[in-house]
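> Next input, structure requested:
(one chain, ligands or ions: 1)
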Amino acid sequence: MLSLSIPRVALRAAAPSRQLAAAAGASSVRFASTKSLKDAVAEIVPEKQEQLKKLKADYADASLGEIKVSNLLGGMRGLKVMLWEGSVLDSETGITFHGKSIPDSQKVLPTGNDIGVKGSEILPESMLWLLLTGKVPTAEEVKGLSQELAAKGKLPSYLEKIIDSFPKTLHPMTQFANAVASLNHDSKFAAAYSKGIKKTEYWQPTLDDSIDLIAKLPAIAARIYYNVFGRGDGNQAIDSGLDLIGNYSKMIGYGDNEGMTDYLRLYIAIHGDHEGGNVSAHTAHLVGSALSDPYLSYSAALLGLAGPLHGLANQEVLGWALSMQEAVGENASDEQIKEYLWKTLKSGRVVPGYGHAVLRQPDPRFTALSKFCDTRPELRDSSIVQLVQKVSQIAPGVLTEHGKTKNPFPNVDAASGCVLYQYGLKEFTYYTVIFGISRAIGALPQLVADRYLGMPIERPKSMSMNALEALLKK
Ligand code: CMX
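Residues are numbered from 1 along each chain as shown. Presented below is the predicted three-dimensional model:
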């Protein structure tokens, strides 16, 4: 099991030192600032535009590497062909958000305790602020953003009716994507565009729509949960004193469960952005490049997230782990787990929650979630959490021996579902919906950046096999 002591102690120590720095007038820490998120974005726009102008002027013809046939035939792995501001994924060290690793972010980003709601994990609002502006927000700024999201969180009645009309048998992700697309009815960007808004101003209604959508995702997700599984408060009541995920947790019936609520905050904060090339983020960017509004762009992203090789893996992992538990019992030996892994591989299936298109080491998001489990007795002692942890130690050896995957280590999806399950959220066809709340805080900030940078419509060149052969044989 992984030790928790270092980041937790650091996290505890961070708040007083930040306050002392503020008292001493240190310019990098502004505890009293109450800047709005829109003001904070407006502040960085000119310098970002200048940076892009300079890149174009100085390096337009510089090469970023050659394109091989294997890239074209292999899912474009490794090709540097997208601009993405919020985060960078290193194959060995994992994700950084504007240069900050997950432990770095845990040290500096405001938590529930910092804004007066119980909880010591990063608030997704804090991560959203960091991703949009590159700056660490003050506690007051995060509190202001939480209040803004609570004020905008209620669903319009037409949307409630649309969601209520979905058959219960429709997969929750299909419902989620449809509901999000329907909000395009109220898009400020679409309305401004049809009135002829100037290109330089596109980013403002894009940001307005993005904040509005992020504010409404919890209520959409909670209404789907209530309709399909009959759990939660049924009317998605919003408490203006709570943060985004405090409200979501309450809506789905976990408002009194501090462990679950803080887990959801952590999971949603660190899962939000994973640079631009993953299917959901890339889809939002691609669809948005046609100037489709944020609702349409993010709806498309959710449909990509619903694939089993991407976001649906967290649903798959749990089904797979429970089947294993049923087959080998609660106290499975290493040998029994190995055998089960081989059985999965020999049947031609992938081991869900393992491998990654970019990462070549254990996913730091998996590590952060495992550390969370280590701090909570209710998770530490859970047989399903223990099984998932044990598999994470055994599977890399088996997958290495199997010899196919380039990364035999667990990804974030290996850990995320078992915690939800242990806390009683057992409807695992719903798990990817929670991932869908999260990915918005990474994909939508890039749409805003795409608009203030004036990024063009995305249009790569495709080739047929005949055209490829003709070119190569020349
Ligand atoms: N179990 C068994 N085989 C695996 C495997 C796994 N977990 N991961 C990869 N492989 C296989 C691939 O299927 C591929 O086999 P073929 O050559 O027969 O097609 C081979 O190993 C090489 O694949 P790779 O280059 O290592 O991996 P890719 O970049 O093609 O795919 C991913 C990456 C994540 C789709 C893949 O590792 C996978 O299917 N993992 C299981 C599903 C999963 O956990 N997805 C979630 C990823 C995180 C997320 O997006 O949320």
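
> Just the buried residues of stretch 390-400, please?
Residues K390, V391, S392, I394, A395, P396, V398, L399 are the ones in stretch 390-400 that count as buried (16 or more other CB atoms under 10 Å). Where you see a C-beta, it was placed from the backbone N, CA and C, and this is true even at glycine.

> Secondary structure element holding the fifth one?
Meaning A395. A395 is part of helix 383-402 when elements are defined by DSSP states H and E.

> Give the other helices and strands that that helix contacts.
helix 313-328, helix 334-346, helix 364-375, helix 413-422 (3 or more CB pairs under 8 Å, 6 or more residues apart in numbering; DSSP states H and E).

> switch to 10 Å and redo it
helix 313-328, helix 334-346, helix 364-375, helix 377-380, helix 413-422 (3 or more CB pairs under 10 Å, 6 or more residues apart in numbering; DSSP states H and E).

> Most proximal residue of the chain with respect to the ligand?
G355 (2.2 Å; CB to the nearest ligand atom).

> So for stretch 192-210, what gets flagged as buried?
Within stretch 192-210, the residues that count as buried by 16+ other CB under 10 Å are A192, Y193, Y202, W203, Q204, P205, T206, L207, D208, D209, S210.

> Now find how far off-centre that stretch is within its chain.
25 Å (CA atoms, centre = their mean, to the nearest Å).

> Give me the neighbour count for the closest residue to F409 other than its chain neighbours.
Leaving aside its chain neighbours, F409 sits nearest to P362 (4.2 Å; criterion: CB to CB, 6 or more residues apart in numbering). The number of residues packed near P362 is 20, by other CB atoms under 10 Å.

> Quick check: P362 touching P410?
Yes. With contacts defined as CB atoms under 10 Å, P362 counts as touching P410 at a distance of 5.9 Å.

> Can you tell me how far H285 is from S292?
11 Å (CB to CB, to the nearest Å).

> any common contacting residues for these two?
Taking CB atoms under 10 Å, 6 or more residues apart in numbering as the contact rule, H285 and S292 both touch L447.

> shared neighbours of P362 and P410, anything?
H356, S370, S392, P396.

> what does this structure have sitting close to the ligand?
Proximity of the chain to the ligand (CB under 6 Å from any ligand atom) is limited to residues 278, 309-311, 313, 345, 350-357, 404-407, 411, 413.

> just the buried residues of stretch 192-210 now: which is nearest L149?
Closest to L149 out of the buried residues of stretch 192-210 is S210 (11.3 Å), distances taken as CB to CB.

> thinking again about what came up before, what is the burial count for the residue of the chain closest to the ligand?
For G355, the tally of surrounding residues (other CB under 10 Å) stands at 21.

> The nearest residue to it once chain neighbours are set aside: neighbour count?
In space, and not counting its chain neighbours, G355 is closest to T405: 4.3 Å by CB to CB, 6+ apart. When neighbours are defined as other CB under 10 Å, T405 has 16 of them.

> surely T405 meets G353?
No. Using CB under 10 Å, T405 is not in contact with G353, being 11.8 Å away.

> can you map out the helices along the stretch 151-300 of the chain?
157-165, 172-182, 188-194, 203-229, 244-251, 258-270, 279-288, 294-305 (DSSP state H, counting those that start in this stretch).

> Report all helices and strands that the fifth one contacts.
Based on contacts counted as 3+ CB pairs under 10 Å, 6+ apart, the elements that helix 244-251 packs against are helix 112-115, helix 124-133, helix 139-151, helix 203-229, helix 258-270, helix 431-452.

> same check, this time on the third one
Packed against helix 188-194 by the contact rule (3+ CB pairs under 10 Å, 6+ apart) you find helix 203-229, helix 294-305.

> mind redoing it with 6 Å?
Secondary-structure packing of helix 188-194 (3 or more CB pairs under 6 Å, 6 or more residues apart in numbering; DSSP states H and E): helix 203-229.

> State the mean pLDDT of the helix it packs on.
Here helix 203-229 scores 98 as its mean pLDDT.

> How far does it sit from its chain's centre?
With CA atoms, centre = their mean, you get 14 Å for helix 203-229.

> So which residue is smack in the middle of this structure?
G272 (2.3 Å; CA atoms, centre = their mean).

> For it, list the residues it contacts.
Going by CB atoms under 6 Å, 6 or more residues apart in numbering, G272 touches M127, S438, I441, G442.

> one more time with 8 Å
Applying CB atoms under 8 Å, 6 or more residues apart in numbering to G272 gives the contacts P124, M127, L128, L131, S438, R439, A440, I441, G442.

> Reformat those as JSON lines; add distance to S249.
Shown next, in JSON lines, are those (distance: CB to CB, whole Å):
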{"residue": "P124", "distance to S249": "12"}
{"residue": "M127", "distance to S249": "17"}
{"residue": "L128", "distance to S249": "17"}
{"residue": "L131", "distance to S249": "22"}
{"residue": "S438", "distance to S249": "14"}
{"residue": "R439", "distance to S249": "18"}
{"residue": "A440", "distance to S249": "17"}
{"residue": "I441", "distance to S249": "16"}
{"residue": "G442", "distance to S249": "21"}
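
> Give me the buried entries from those residues.
P124, M127, L128, L131, S438, R439, A440, I441, G442.

> so the fifth one touches Y267, yeah?
Right, S438. Yes. S438 is within contact range of Y267, at 6.8 Å (criterion: CB atoms under 8 Å).

> Number of residues surrounding the nearest residue to G119 once chain neighbours are set aside?
Leaving aside its sequence neighbours, G119 sits nearest to G112 (CB to CB, 6+ apart; 2.7 Å). G112 is flanked by 24 other residues according to other CB under 10 Å.

> pLDDT below threshold where in this protein?
1-33 (pLDDT under 70).

> again, only this time at 50
Applying pLDDT under 50 to the chain flags the ranges 1-31.

> Wait, D243 touches K118, no?
No. Look at D243 against K118 with CB under 8 Å: they stay out of range, at 10.1 Å.

> what about these two, which has more around it?
Comparing D243 with K118 by other CB under 10 Å, the one with more neighbours is D243, at 29 against 11.

> Can you pull the phi/psi pair for the more buried one?
With angles defined as degrees, to the nearest 10, D243 sits at phi -80, psi 170.

> State the number of residues packed around the closest residue to it other than its chain neighbours.
Excluding the flanking residues, the one nearest D243 by CB to CB, 6+ apart is S146, at 4.5 Å. By other CB under 10 Å, the residues close to S146 number 27.
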